[in-house]
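Novice: With the sequence up front, the predicted model follows.
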Amino acid sequence: MSEKPGWKSLPEGDVVKAGTAAEFKTGDWRSERPVWFPERCIHCLFCWISCPDSSIIVKDQKMTGIDYDHCKGCGICAKECPVKPQKALEMKPERGEETCQK
Amino acid sequence: MDSTVEIRWHGRGGQGAKTAALLLGEAALSLGKNIQAFPEYGPERMGAPVASFNRISSEPITIHCSITNPSIVIVLDPTLMDSVDVTAGLPDNGVIIVNTKLCPADVRKQLKLKGGKVFTVDASGISKELIGREIPNTPMMGALVKATGLFDIESMLKDTEAKLKKKFAAKPEIVQGNVDAIRRAYKEVIGE
Amino acid sequence: MSKIVAKTGNEAMAEAMRQINPDVVAAYPITPATEIVMIFAKYVADGLVDTNFVAVESEHSAMSACVGASAAGVRVMTGTSSQGLCLMYEILPIAAALRLPIVMCDVNRAISGPINIHCDHSDTMAARDFGWLQIFSENSQEAYDSLIQAIRIAEDPRVHLPTMVTTDGFIISHCLDKIEILDDKDVTAFIGQDRKANNRLLDLKNPTSVGLLDLQDYYFEHRVPVAQAMKDSKKVILEVADEFAKKFGRKYGLIEEYKLADAEVAIVALGSTCGTAKVVIDELRAKGVKAGMLKIRVFRPFPAEEIVKALSNVKALAVLDRSDTWSAQGGQVFTEIRSAFYEAAKKPKITNFIYGLGGREIDLPQLHTVFESLKNIDKQPVVQYLGVRE
Amino acid sequence: MASLKELSTRKDPLTGGHRMCPGCGAPIVVRQILMASKDPVVVVSATGCLEVSTTIFPYSAWTVPFLHNAFENAGATMSGVEAAYQNLKKKGKMTEHVNFVAFGGDGGTYDIGLQSLSGAMERGHDMLYVCYNNEAYMNTGVQRSGATPMGANTTTEPAGKVLQGKREWRKDLTEIMVAHSIPYVAQGIIGNWSDLTRKAEKAFSIRGPKFINVLQPCRLGWGYKPDSTLELARRAYETCVWPVYEVENGVYKISKPKEKKPVVEYLKGQDRFRHLFKPGNEKLIADIQAEVDRRWNLLLAKEATK
């Protein structure tokens, strides 16, 4: 609480600049992550238009990667990917199987 | 307040942190304790980090402020340790119990924890095997009882079984699965 | 050039609205405020104002549209009464928290039930805790003058709070009275051509989000500034009143003292009753009774210090409330005045008369009864209902 | 109609970092609708999942001007914003064209906000109202709304020993909007971006009030795996449970599935309908099929009459 601004330094009237949520990371919500295989990608952008978290990065009208800071790992992108037989996006466990080595 | 045990549960929206706190509270009540169980309310959705809390005491509990120095912390999802300060407020003699396949020493290292006692148990694995779904909250109750000696495991199981029977009247297999999972986690939890 | 004309309270408020020429008005009909909106709608139809008039389907939507338009950055007005104001209650504190200088013509009327269309202050008083400035008017002239001043006050950066100017339903709203109307150009010059808005929703180059969800960590910090602005608004109200007096000759304050300087017995009242009470006080003074009155013009912010100072030499005081808190502890004005006197070294004995609910007549003999009771204030109950049959 | 490549060059109305559930359909609705606008947009949202999860102070996921007022008044609030804009435009203080878009969930649109919506549409404001319809009050924990379909399990009309979930057919809000005689009314789904963005483009090309009702599966309230949000919506379309159509100046145009599948195909993938498959509930499913057929045929007849 201590580093949050007091009322005297907040802007008037419950207003913020647009788009500040970009600073809030939701990537740690993931239990699975989409992994992109560029060599299979046909840049149809179905994944991009279907992503609820604006986490498919598109540059110059081409898919270029995934914003793992915000992707919550829902899997919609992989499901909607039309590439066959192997999809250009696959869901993988977020972390490897770590076990107690004792 | 020395007689009061304060517990914080860390989970993700949908993982059952709130339910775990409620179940534990009810179990403690039927074992003659005074109890509180309350979640942290916010707009967070499924998958978002959430917390819930218990107070358990042999004395009447009148306090209604939040718990900032829990003596016990239970982490339902090991990935939370990357983003949430799960040890916040935990005193040197505190207990942290984590649902993970890792051993306590690994968790201690990851959390850079100096004091306290660390316990681990693969509650996800146990629930998948015995309940058929990944719901780590009930097995974690078994781990909690073993790690802290808060109550007698058999008395608690008896009560929880009765509660679950009411809740899942239509699915008796779930009740047995949960009871077995609590018992298994009680046996398998590892301390340092 | 200003001119002297005959206008009802509603006509006077509508006239002020014409001169203010707000950018957006959103309103819904309700007796006895309907007329203000009807007259204004005709001004719109005749092209006498530049306003976009939104004839909404409820008062809830009226206030909602006002919030939308005001957040967009323009000058916004509305008018309502009673149940209409009640229907707006949900949105009133949102307007305040978003710091939107919406100005409302509010015609005081009883609230249901039973349904009743006549004057009391229950509607406005129930809205006292929503962060709106509240200015009461004794007559049409005050309503007209205060409405013009309200624009300046609400839009002052030190305030940025919504403001309601009230008249008493039917008693003022429908009573033809002599009033002085200012020159259109003078009104425009006084209030400024346009609202100088900050944080405009329609600023496309600097997009903002307005009206966010605040959790435990920010909500409090967004409410306290409303209290600070309310506190700061006292100075602004007086500054605006001074400028108005200099330019147009009529002087206003937070309160008005009537023969209080040496008064031993006094009453406190709001709205049209004050005018009637002045007659009673004059009659009592003629008989040698040192009677006086304190009129509260501005109820929000509450001028506690000013009231205490003005009444400290009075021996016996009756507070007249045209509404009740139903707390069994008296009306809103009474409880706030008693509270204001808590720290005062010198204070009068105070009793409360709740009167005039649902338009029940308040006349000279009743007001004489009130003053009469002050002779034996020690024997008076704390709260009395004036003129009610038992 | 803009291609995906073209759309991808436009401003994304939402950033990541909002707190909607993983796999939530509501932000997909927002992105597909708003990116169809070539002109600047200004958004009003009713209280609901979308609003609380995208604007937790000091974090806002909206990159476009955004206003939230309350639950039941998105229509009225936008009326005020639009009136202010018209005033500024009339006075020459704003020149650029702006598309005004209000979003409300089904609770804020079918139920508590219906009056406000109806008023705004009737008054002819130049705005598009989009209902992101997940068929229950999801923000408060899956309570039934006027949009909830018959038989669905909700927390205020739960499936129990005696009752089998919601007992009433859902209200047909889209037809209520058609009855307002506004220039453009449409129903769509998420899961067909080209249809939805085309409808949004169409709406933005028309001046006056427009309404689009978008079926948006909710993984929490409906109960399914989060990756299936779009697929489930398409199932609703294929079974004609949720007809996809538009009504432009009173003329109906329906998107017909290649093959009309039985409603069971739609119901079976969702936890909220699971109890319908218990022995003894066969008639309920038959009733649902009959009502879907009746409404579908009615719609076809409306299209045929022109």
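Specialist: Received the coordinates, thanks.
Novice: Buried ones in stretch C:382-390, by neighbour count?
Specialist: Residues of stretch C:382-390 classed as buried by neighbour count (16 or more other C-beta atoms under 10 Å in any protein chain shown): C:V383, C:Q384, C:L386, C:G387. Every residue, glycine included, has its C-beta placed from N, CA and C.
Novice: residues in contact with that stretch?
Specialist: C:320, C:328-331, C:334, C:351-356, C:360-362, C:366, C:369-370, C:373 (C-beta atoms under 8 Å, 6 or more residues apart in numbering or on different chains).
Novice: Pull out the buried members of the residues you listed.
Specialist: C:320, C:330-331, C:334, C:351-356, C:360, C:362, C:366, C:369-370, C:373.
Novice: Quick check: the farthest pair among the residues you listed?
Specialist: C:T351 and C:R360 (19.0 Å; C-beta to C-beta).
Novice: buried sites along stretch C:198-206?
Specialist: C:N199, C:R200, C:L201, C:L202, C:L204.
Novice: likewise stretch C:37-44?
Specialist: Per 16+ other C-beta under 10 Å, stretch C:37-44 contains these buried residues: C:V37, C:I39, C:F40, C:A41, C:Y43, C:V44.
Novice: about what we covered before: closest one of the buried ones among the contacts of stretch C:382-390 to B:N34?
Specialist: Nearest member of those to B:N34, counting by C-beta to C-beta, is C:G330, at 42.0 Å.
Novice: Contact residues of chain A facing chain C?
Specialist: A:1, A:4-7, A:10-19 (C-beta under 8 Å from any C-beta of the partner chain).
Novice: Quick one: low-confidence residue ranges for chain D.
Specialist: D:306 (pLDDT under 70).
Novice: so D:Y266 sits right up against D:R234, yeah?
Specialist: No. Counting by C-beta atoms under 8 Å, D:Y266 sits too far from D:R234 to count as a contact (9.7 Å).
Novice: of the two, who's got more company?
Specialist: Set D:Y266 next to D:R234 and count neighbours by other C-beta atoms under 10 Å in any protein chain shown: D:Y266 wins out with 24 against 20.
Novice: does that one count as helix, strand or coil?
Specialist: Here D:Y266 is recorded as helix under DSSP: H, G, I helix; E, B strand; the rest coil.
Novice: what residues are up against it?
Specialist: D:Y266 neighbours (C-beta under 8 Å, 6+ apart): D:L232, D:R235, D:A236, D:E238, D:T239, D:V241.
Novice: what separates the residue lying closest to the fifth one once chain neighbours are set aside from D:A233, distance-wise?
Specialist: Distances taken as C-beta to C-beta, 6 or more residues apart in numbering or on different chains place D:Y266 nearest to D:T239, at 4.3 Å, with adjacent residues excluded. D:Y266 sits 10 Å away from D:A233 when distances are taken as C-beta to C-beta, to the nearest Å.
Novice: which residues does C:N352 contact?
Specialist: With C-beta under 8 Å, 6+ apart, C:N352 has these contacts: C:A318, C:V319, C:D321, C:G330, C:G331, C:F334, C:V382, C:V383, C:Q384.
Novice: Tell me the backbone dihedrals of it, please.
Specialist: Dihedral pair for C:N352: phi -120, psi 130, per degrees, to the nearest 10.
Novice: Count the neighbours of the residue of chain C found nearest chain D for me.
Specialist: Closest approach between chain C and chain D, counting by C-beta to the nearest C-beta: C:G68, at 2.8 Å. Other residues lying near C:G68 total 36 when counted by other C-beta under 10 Å.
Novice: Wait, it touches D:H68, no?
Specialist: No. Look at C:G68 against D:H68 with C-beta under 8 Å: they stay out of range, at 10.6 Å.
Novice: Between the two, which contacts overlap?
Specialist: Overlap of the contact sets of C:G68 and D:H68 (by C-beta under 8 Å, 6+ apart) consists of D:V44.
Novice: could you pull out the strands for chain A?
Specialist: Listed in chain order, the strands of chain A (DSSP state E) span A:15-17, A:32-36, A:56-59, A:62-66, A:89-93.
Novice: low-scoring pLDDT stretches of chain B, where are they?
Specialist: Checking chain B against pLDDT under 70 turns up B:1-2, B:44.
Novice: For it, identify the residue most remote from the centre.
Specialist: B:A170 (25.4 Å; C-alpha atoms, centre = their mean).
Novice: Keep only those of the contacts of C:N352 that are in strands.
Specialist: C:A318, C:V319, C:D321, C:V383, C:Q384.
Novice: Run a quick neighbour tally on the first one.
Specialist: Other residues within reach of C:A318, judged by other C-beta under 10 Å, total 27.
Novice: OK, contacts around it?
Specialist: Neighbour list for C:A318: C:V265, C:A266, C:I267, C:V268, C:I350, C:T351, C:N352, C:F353, C:V370, C:F371, C:S373, C:L374 [criterion: C-beta under 8 Å, 6+ apart].
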